[in-house]
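Asks: sequence unavailable; structure follows:
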């Protein structure tokens, strides 16, 4: 189960009215791209992580193992992965994820 700190707010355009939705239910176990919560994936290339100002604060090395987390039906199309340091990251839930990751 994901940690409660993964909750977040998204804005959805509902016929011209912007609604804020709290995403706090992580009930998706199988993603459209075929990955499942609990699967392990490995980076095909290093990934630099930036702070809010765009400064690279660390780089996650090629070959590092990430864990697929459960997703939310409240935010379809969003794939959640946990890096080796335990930080959650959002990716698009589509085949392009396999340009960066491979199944471990």
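Replies: Looks like it came in fine. Computed from a predicted model, the values in this text were never measured in an experiment.
Asks: helices or strands next to the lowest-mean-pLDDT helix or strand in the chain in the packing?
Replies: Among the helices and strands of the chain, strand 8-14 carries the lowest confidence by mean pLDDT, DSSP states H and E, at a mean of 88. Counting contacts by 3 or more CB pairs under 8 Å, 6 or more residues apart in numbering; DSSP states H and E, strand 8-14 packs against strand 17-23. The C-beta positions use only the backbone N, C-alpha and C, and glycine is treated the same way.
Asks: quick one: what helix or strand has the residue lying closest to residue 27 once chain neighbours are set aside in it?
Replies: Distances taken as CB to CB, 6 or more residues apart in numbering put residue 73 closest to residue 27, at 5.5 Å, once the chain neighbours are dropped. Assessed by DSSP states H and E, residue 73 sits outside every helix and strand.
Asks: list the contacts of residue 73.
Replies: When contacts are counted by CB atoms under 8 Å, 6 or more residues apart in numbering, residue 73 is found next to 25, 27, 28.
Asks: next, give phi and psi for it.
Replies: Dihedral pair for residue 73: phi -70, psi -10, per degrees, to the nearest 10.
Asks: distance of it from residue 7?
Replies: Distance of residue 73 to residue 7, given as CB to CB, to the nearest Å: 14 Å.
Asks: just the buried residues out of the contacts of residue 73, in ChimeraX syntax.
Replies: Buried members of the contacts of residue 73, defined by 16 or more other CB atoms under 10 Å, are picked up in ChimeraX with:
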select :28
